[in-house]
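Enquirer: fold the following, please.
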Amino acid sequence: MSSINYTTRTEGQTKINTIIWTVPNFISLLDNKATREFRTAKSEDPTVDALDSRFQLKMQFLGRDNDIIEIYFLSPNPVFLKSILTICLKRFEERSIVIKEYHTVQANKWQYLATLFKRDIASYDGRDNIFLLSDGSLRLKFQFMVSNDIKVDRSNVPEAQLSNDFENLLNNGIFSDVTMKSAEQIEYKVHKAVLASRSAVLKAHFEHNTTECTTNIVESPLESEVLRDVLNFIYTDKAPRVDEMPEKLLAAADYYQLSRLKSLCEEALHKKLTVENAIETLQLADLHSATALKQLTLEFIKDGQAKLITKTEGWANVKSVELIKRIYEYIMADDYDTELKQSLT
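Expert: I've put the predicted structure just below:
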């Protein structure tokens, strides 16, 4: 049986809910292939019942051997919040896993928060595992920072149609004043004002005496499949196929300076991160200045994966001395700091 500890405090207009979830015997839970989901239990203590119903937590186990652990939370009310997930390590240390900036959360709908991997948690080779406490339990700390936490009945308010309306505008091409061509010369009827408002790169095409400004034709280096998804994101702020081709969309997002699409691609690539593709992912992140993905990939390599990664095809094909140097310096940084601290004490 897992244990839950809740605390709340208020800072100005923000209510900070801190939940510490301790799951004992976590490796045994993972090794039980019949377990596909694990949720927080309802508290029987009436003094914390209101808090317990505030946010619910669950882990969902995926893969044949429970290789992937996805973490979700649920709020009974619509809220505007920032969420932080931290893992409590041995030696009273903590490591932040994910930070999601303020966004609107729907009521009574499970919200994806983060992904953990069994290979990072379960050590079967005798290595000291820092992700579990000395008694074998997994401890996660959740912080939900709720701003303007006002209960509003929105049951009679129609859902927003703006995204759908703009998608129809793109699909119909009505009132279009610009033609955008893919690398294969497939044409899309688009709107100068929409493009300019969403991308600084596209805006620059229409601000000066450029060919695009004169002809109202924008030649894109992107393949039609990618360009279509980029335009869909520009018009709707949605990227439904980001998990299917995050590499291509990351390059496109970097090219057109679409920061939110870039973040979605980084998150998708982080979820697909493995020992086999870590080097390619790091090179991709470096090429497109994907800072968050680069940091997460370096942390993945450092957390006990370095020896395995040096045996992959990606490592064998590395030609950049600078990349190897960067990996080495990142891996050795903490060891050097530890040695320095010990020498000073």
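
Enquirer: measure how buried the closest residue to S259 other than its chain neighbours is and give me the count.
Expert: Distances taken as CB to CB, 6 or more residues apart in numbering put A253 closest to S259, at 7.6 Å, once the chain neighbours are dropped. The way it works is simple: take the backbone N, C-alpha and C, and place the C-beta from them, glycine included. Other residues lying near A253 total 26 when counted by other CB atoms under 10 Å.

Enquirer: ok, residues contacting the host helix or strand of A253?
Expert: Element membership for A253 (DSSP states H and E) is helix 246-255. Around helix 246-255, the neighbours that count as contacts under CB atoms under 8 Å, 6 or more residues apart in numbering are 201, 221-223, 226-227, 229-230, 239, 241-242, 258-259, 261-262, 264-266, 268-269, 272, 284, 287-290.

Enquirer: just the buried residues of those residues.
Expert: Neighbour-count burial (16 or more other CB atoms under 10 Å) applied to those gives 222, 226-227, 229-230, 239, 241-242, 258, 261-262, 264-266, 268-269, 284, 288, 290.

Enquirer: returning to what we had before: avg pLDDT for the helix holding A253?
Expert: Helix 246-255 shows a mean pLDDT of 96.

Enquirer: specify the local secondary structure of the spatially most central residue of the chain.
Expert: Closest to where the C-alpha atoms of the chain average out (CA atoms, centre = their mean) is E267, at 3.4 Å. Classification of E267 using DSSP: H, G, I helix; E, B strand; the rest coil returns helix.

Enquirer: how near is it to Y328?
Expert: Counting by CB to CB, to the nearest Å, the gap from E267 to Y328 is 27 Å.

Enquirer: ok, D135 next?
Expert: From D135 to Y328 the distance is 35 Å (CB to CB).

Enquirer: same thing with E313?
Expert: Distance from E313 to Y328, by CB to CB: 20 Å.

Enquirer: same deal with L57?
Expert: 38 Å.

Enquirer: with P240 instead?
Expert: From P240 across to Y328, the span is 39 Å (CB to CB).

Enquirer: could you do E184 as well?
Expert: Note on E184: its distance to Y328, by CB to CB, is 42 Å.

Enquirer: sorry, back to before: among the buried ones among the contacts of helix 246-255, which are in strands?
Expert: Using DSSP state E, no member of these falls within strands.

Enquirer: for this protein, what's the longest strand?
Expert: strand 94-105.

Enquirer: what mean pLDDT does it get?
Expert: 86.

Enquirer: surely Y72 touches T40?
Expert: No: here Y72 lies out of contact with T40, judged by CB atoms under 8 Å, at a distance of 10.8 Å.

Enquirer: which neighbours do the two share?
Expert: L57, K58.

Enquirer: hmm, back to that, the more surrounded of L57 and Y328?
Expert: Between L57 and Y328, counting by other CB under 10 Å, L57 is the more crowded of the two (20 against 11).

Enquirer: where does that one land in three-state SS?
Expert: Relying on three-state DSSP, one would call L57 strand.

Enquirer: what separates it from H191, distance-wise?
Expert: Taking CB to CB, one finds L57 at 43 Å from H191.

Enquirer: with T22 instead?
Expert: 53 Å.

Enquirer: check A278 too.
Expert: The gap separating A278 from H191 is 41 Å, by CB to CB.

Enquirer: looking at those two now, which is surrounded by more residues?
Expert: Using other CB under 10 Å, the more surrounded residue of A278 and H191 is A278, with 22 against 19.

Enquirer: nearest residue to E37 other than its sequence neighbours?
Expert: E37 sits nearest to Q60 (CB to CB, 6+ apart), 5.3 Å away.

Enquirer: one more: T104?
Expert: Closest to T104 by CB to CB, 6+ apart is F80, at 5.4 Å.

Enquirer: pretty sure that neighbour sits in a strand.
Expert: Yes: assigned with three-state DSSP, F80 falls within a strand.

Enquirer: test my guess that it contacts H103.
Expert: Yes: contact criterion CB under 8 Å: F80 and H103 qualify, at 7.3 Å.

Enquirer: which one of those two has more residues nearby?
Expert: Neighbours per residue, other CB under 10 Å: of F80 and H103, the larger number sits with F80, 15 against 11.
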